[in-house]
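Asks: test case, fold it:
(4 chains, ligands or ions: 4)
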Amino acid sequence: MFDLQTLDKYKPIDDKMYQVMDKDGKVIIKNWKTGLSEDDLVQAYKDLLFERTADQMAISYQRQGRMFTYPPNLGQEAIHIASGKVIKAEDWLVPAFRELGAWLAKGVSLWEIFLYFKGHEDGSKFLNAARMLPVSVPIASQLLHAVGLAYAMKYKGEEAAVFGYVGDGGTSEGDFHEALNFAAVWDVPVVFVVQNNQFAISVPLKMQTRSKNLALKGLAYDVDSVLVDGNDFLAMHDVLAFAREHVLKKKRPFLIEARTYRRGAHTTSDDPTKYRSKEEEEHWAELDPAARLQSYLVSKKLWDPKDEEALIAGYKKFIDSEFDKAEAYPDYKLEDVFGFMYQEMPVELKRQMNNYQNFMNLEGAQK
Amino acid sequence: MFDLQTLDKYKPIDDKMYQVMDKDGKVIIKNWKTGLSEDDLVQAYKDLLFERTADQMAISYQRQGRMFTYPPNLGQEAIHIASGKVIKAEDWLVPAFRELGAWLAKGVSLWEIFLYFKGHEDGSKFLNAARMLPVSVPIASQLLHAVGLAYAMKYKGEEAAVFGYVGDGGTSEGDFHEALNFAAVWDVPVVFVVQNNQFAISVPLKMQTRSKNLALKGLAYDVDSVLVDGNDFLAMHDVLAFAREHVLKKKRPFLIEARTYRRGAHTTSDDPTKYRSKEEEEHWAELDPAARLQSYLVSKKLWDPKDEEALIAGYKKFIDSEFDKAEAYPDYKLEDVFGFMYQEMPVELKRQMNNYQNFMNLEGAQK
Amino acid sequence: MKVMNMVQAITDGLDLMLTEDKNVVVYGEDVGVEGGVFRVTEGLQVKHGAGRVFDSPLAESGIAGTALGMAVAGMRPVIEMQFDGFVFPAMNQIISHVARFRNRTRGKFSVPMVIRIPYGGGINALEHHSESPEAYFGHTPGLKVVIPSTPYDAKGLLIAAIEDPDPVIYLEPKRIYRAIKQEVPEEKYSIEIGKAKVVNYGEHITVVAYGAMIREVQKAIVLAKEKGISVELIDLRTIWPIDRDTIRESLRKTGRLLVVTEAPQSYGPAAEIISIATEEAFLSLEAPPTRLTGFDTVIPLPLGEKYYMLTPPRIFHEIEKLVRY
Amino acid sequence: MKVMNMVQAITDGLDLMLTEDKNVVVYGEDVGVEGGVFRVTEGLQVKHGAGRVFDSPLAESGIAGTALGMAVAGMRPVIEMQFDGFVFPAMNQIISHVARFRNRTRGKFSVPMVIRIPYGGGINALEHHSESPEAYFGHTPGLKVVIPSTPYDAKGLLIAAIEDPDPVIYLEPKRIYRAIKQEVPEEKYSIEIGKAKVVNYGEHITVVAYGAMIREVQKAIVLAKEKGISVELIDLRTIWPIDRDTIRESLRKTGRLLVVTEAPQSYGPAAEIISIATEEAFLSLEAPPTRLTGFDTVIPLPLGEKYYMLTPPRIFHEIEKLVRY
Ligand SMILES: Cc1ncc(C[n+]2csc(CCOP(=O)(O)OP(=O)(O)O)c2C)c(N)n1
Ligand SMILES: Cc1ncc(C[n+]2csc(CCOP(=O)(O)OP(=O)(O)O)c2C)c(N)n1
Ligand SMILES: [Mg+2]
Ligand SMILES: [Mg+2]
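Replies: Ligands and ions are numbered 1, 2, ... in the order given. Now for the predicted structure:
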């Protein structure tokens, strides 16, 4: 459990990282207790396996040419699953683009994600996740939306937190700075989660910032911050759960640096061998979040690895069926281009749409 | 004198402010020595009086309707004069818009400044200040130019530092963040000087940031920083001189928060009584940088206040003659609108200029 | 009815909407205690509280981006960019998000926010305080862009903008902030976004303009009248979407078009209006549709501004040339 | 001569200028070790060193603003915006500073820098990776804006841009990055900024386009030829300043104009070209000058892109309509 005393012990300025288990899944904090039930823990692991399987399959759909560019999540899932466990229905999730497991937990359907990455805006409707924003491509810009949402929650007197995600590269953008500052000055309940996966495409962290760690950037805004092992599900969950309470109680923002590693490519169009070493990849493979959570569960006798194969086989079937759903989605229509720009379609757009429709009718007639 | 040990003693995280003299001009640091000669010190005070006189007169020219909007410097002059003493000919000065004394020291002529605020771009040529950029109106944007210049200095192997100025309000802009970060990542010799005068127009510092002080924002970039009393000329000079050495030796940026107070209006169109109290103004009046430097000099028997009246009278004459120069400046010509957009005027601009010229000729003919 | 200038009419519209709709908040640099550098929000913080009318940190991207978040959560933020030249740090938020959030989410989230921007030249200001950036917004799909030219329109368009379910850029011609006084209803009314207004009926030529240029064209019309030229003046009021019908009807009658806008010429608003004219009324055109615009230069500092600003004689000169064509 | 595609021609131009002029540096996100996401800077860091070809932090305003500082100090930075949609955070630096520094300082400081931006749709990309933002730049006084449509032009225009004493926006039609191969001289040559090129001579109609649209128009010309329609195709190559002479000469001959650009319609590049046509050749026009452009919508995600992209049949359709007018 993470509390105010712990926060005080893990000062970013001292470059201390909050960790609950070592790389073999052994708990390293004396008298540590989790806030999760045994069922929760097992479910978290299953969710992680599900995310990982869906992610792998997304990559292979992409390779088969059935989906366009896709950003893999491999290695960062502990952050996502812990987020999923902490973020409540009334909370807002403001994604960047690499938090698959968190989206699923929020209620996003896998077929929607596939539809989105196949190239259809309808995949961003998130029919069962009311309080989740769409993927945000322009780096760091979404954090300001998170702050605005948090202002609205406070303004309306709702007991809801906002979770905004960004990468290590994203901390360089001006919008990161403005978001942290606005949140602090306005005293609003937002948790900023920096997934520090060591790279922004090919650019390593040391060319992104000279700051010892990213959590200490919170100091510039007087925002409470902590650096946590993002590959340690137990630590991540502790910190996120604490952060949610903290921002709601204090009506103040909180910043989390989740240190992790993108084990896969930046996107399916990227080749990481160009810019990083095998040794580095192997080093981080040993810190894999799935393996560590598994070891922990096995040590607690909550899990038997033998069950995994069947479980994953089931997942695969389900994931394929979700992909089928996305593939069977109705064709993109001309009205889909024009129909959502404004609540009511302005005459000018109707004119442009009709012109095009006339051309299509003519073409059709000619054929 | 400020050195590495001093830097270590005045950690922004401890919210310590470097001060050499108290409000009565008494040196409060044991065994403190200045890096300036007695002549330098006297000259600095004279320069300060000159800046203050020019500033007052600028305001009155504006009131007479002979100049447009002008941003007064009253209360912040110690920062400017100390900068002027430290910045060498080979260094670059990158202004915001409220550093009059520093500009003058760099070689800018007063008539140029008057010409600029009368509304003529020729006032930004700074004929005798090769390495000074023009006034930058879009807040904080100029700091990135400073970083680019510093990169160029390093790239070309020149032993020259860059001094970039910004206000407390400017620290909120994304460009402030990006400039600090680029400078740190690229290891370039730039000194960022934040003139924290407590307000951004009407907005007080506490609505600009929650950070305890602005110097500690340097931590987010691993940039050495210090908070200094900006109304204490001796302290300002110590820190600026140290900073220049430091950035050149280390090829690293340095951040200075100069704590001060804008005693006048934001600009001549502003009325500060709307947003701040008389008590506050009086509090800061007691910390006035001119009075403190004067007291120090008097205590050292370097200055006799009786001399001031005559001195200032002489300044006034000179300043008036500079203003006359600006008023006698040749009329703004049509070619002045078009002639500097590009090195060679594109046909399209010639066309537009000729069209207008034809109209003017016609009008002239009609009259 | 009450006699108001444009500043007062906007203040009045803000006050009214703040009173009527708890979801409306007003913020930006210096809009709180100070009441805005142009005093447009004067008195509103005292009346409606610092939770609803407040200062933001000095960061335009932050102002626009946070407003989007509020709007998505059902609020109706009305934000201020202090001057035309300071909207540019917010361009990414405006172009990439504000304008597109509804489309991106297929209507799940709409963005009912208003961005107020005092704009235009002629006030002897410092650099970046006299720009006419409207074409950047007109070219950005997903925005509506309105520009009043009178106190009456200012209040009516503001209320329409705040009530619009989509983001509206509301440009305020600061040069005429206090130049025109007019009877303005104290109650609520709104002016339909997307509808132009024929300000002056005439036979020989159509002039299309908006904002501060309306008043200049009106002065030119007086000069024209002396020469027996009858001018039809259309005030666009909304520059996206443009009211093609009103332009077409007028051109069918006059056959001649002059567009007067202060923004730089190339890729500017006048080009759009001329293209619409050729699309809608090519066969009616008896002379080349003509634009009188700002130069493709930075707007000069005060001493050079006289060359850049479009004066009644220049407007008249073009009117006469076209009518004599 | 060497057969190159456009990516190779740009790399070659960069390499040549890096070799020739020590003041040239190349930077941006991922341009160093990675060689750029499109591999345009591949191999350049190894050859010229990490002080001259390097990665920047992920911040576009930072990239543009620092480049201005370097340029003012006499360097010639060539910076990359990774994609069209990511130039918007840099708009304030570009509009307020890059474009104006020379004018602000009356020529004391010039800003010889090049901003490279891969742009345009048709590559099945994520949102913000398919935009055509050229009108924003064309409307900004102080910039020159060039867009090549072939590998040969790409190298020649790039060299001209780097050698230009003023800032140049260099837009790269990424859709045809690898689509066209051509003999390109290995030595240095440059193409004059501000000069259009008649790519196809014809009698019945003039089509004005640039960038990736040139190839699409060329396909439409084949369709037109089958119907006996002879098309003159002008590749603007520079979109500010626009070569009015070439447009005028062509219109005097053909009397008909179609402008084909991918950017959204309203306040877009096509409107500017049409206005120029009416200014330069009104009396020659035998049919309404017409624009075929992107919609006033966000460019759709890949599954909907087919509606937005301008295809040869659509271009042909407009050509035929105009010729039959
Ligand atoms: C404003 C902006 N600039 C550039 C890009 C292109 N881009 C996409 S992802 C990326 C790197 C992001 O790195 P990071 O923030 O660390 O997130 P990660 O991809 O590692 O999850 C870049 C440069 C973008 N999407 N938006
Ligand atoms: C980008 C931008 N936004 C807004 C303004 C308008 N403006 C001019 S000065 C100022 C306040 C600046 O405050 P600060 O940085 O503290 O400097 P000071 O005026 O106190 O010296 C503002 C908001 C501007 N010039 N640029
Ligand atoms: Mg990363
Ligand atoms: Mg200030």
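
Asks: where exactly do the helices run in chain A?
Replies: For chain A, the helices defined by DSSP state H occupy A:4-9, A:38-63, A:77-86, A:100-106, A:110-118, A:142-156, A:174-186, A:233-250, A:278-285, A:289-299, A:308-327, A:334-338, A:347-366.

Asks: would you format these as a markdown table with mean pLDDT, distance to ligand 4 and mean neighbour count included?
Replies: To be clear about C-beta, it is placed using only N, CA and C from the backbone, and glycine gets the same treatment. Formatted as a markdown table, those follow (pLDDT from 0 to 100; distance: least, C-beta to the ion, whole Å; neighbours: other C-beta atoms under 10 Å in any protein chain shown):
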| stretch | mean pLDDT | distance to ligand 4 | mean neighbour count |
| --- | --- | --- | --- |
| helix A:4-9 | 97 | 33 | 12 |
| helix A:38-63 | 98 | 48 | 19 |
| helix A:77-86 | 98 | 39 | 29 |
| helix A:100-106 | 98 | 40 | 25 |
| helix A:110-118 | 98 | 45 | 24 |
| helix A:142-156 | 98 | 23 | 27 |
| helix A:174-186 | 98 | 15 | 29 |
| helix A:233-250 | 98 | 28 | 23 |
| helix A:278-285 | 97 | 45 | 12 |
| helix A:289-299 | 98 | 46 | 20 |
| helix A:308-327 | 98 | 53 | 15 |
| helix A:334-338 | 98 | 47 | 20 |
| helix A:347-366 | 92 | 44 | 14 |
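
Asks: can you lay out these as a markdown table showing distance to D:G138?
Replies: Output for the helices of chain A, formatted as a markdown table (distance: least, C-beta to C-beta, whole Å):
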| stretch | distance to D:G138 |
| --- | --- |
| helix A:4-9 | 53 |
| helix A:38-63 | 37 |
| helix A:77-86 | 43 |
| helix A:100-106 | 39 |
| helix A:110-118 | 33 |
| helix A:142-156 | 29 |
| helix A:174-186 | 25 |
| helix A:233-250 | 45 |
| helix A:278-285 | 45 |
| helix A:289-299 | 49 |
| helix A:308-327 | 40 |
| helix A:334-338 | 25 |
| helix A:347-366 | 21 |
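
Asks: which one of those lies nearest to B:S321?
Replies: helix A:174-186 (44.5 Å; C-beta to C-beta).

Asks: so is the closest one next to chain B?
Replies: Yes - Helix A:174-186 reaches chain B (C-beta under 8 Å from any C-beta of the partner chain) through A:174-178, A:181, A:184-185.

Asks: near chain C, which of these show up?
Replies: Among those, proximity to chain C is found for A:174-175, A:178, A:181, A:185 (C-beta under 8 Å from any C-beta).

Asks: quick one: which of these is nearest A:F199?
Replies: Comparing these against A:F199 with C-beta to C-beta places A:D175 closest, at 19.8 Å.

Asks: contact partners for the closest one?
Replies: Neighbour list for A:D175: A:140-141, A:143-144, B:174, C:61-62, C:65, C:92-93, D:89 [criterion: C-beta atoms under 8 Å, 6 or more residues apart in numbering or on different chains].

Asks: out of those, which is most surrounded?
Replies: With neighbours defined as other C-beta atoms under 10 Å in any protein chain shown, the most crowded of the contacts of A:D175 is A:L143; it has 34 neighbours.

Asks: right, and the secondary structure at C:V199 would be what?
Replies: strand (DSSP: H, G, I helix; E, B strand; the rest coil).

Asks: my read: it touches C:D235, true?
Replies: Yes - using C-beta atoms under 8 Å, C:V199 is in contact with C:D235, at 4.8 Å.

Asks: what's the neighbour count on the closest residue to ligand 4 within the stretch 101-250 of chain C?
Replies: When distances are taken as C-beta to the ion, the stretch 101-250 of chain C reaches nearest to ligand 4 at C:L126, 16.6 Å away. Neighbour count of C:L126, defined by other C-beta under 10 Å: 21.
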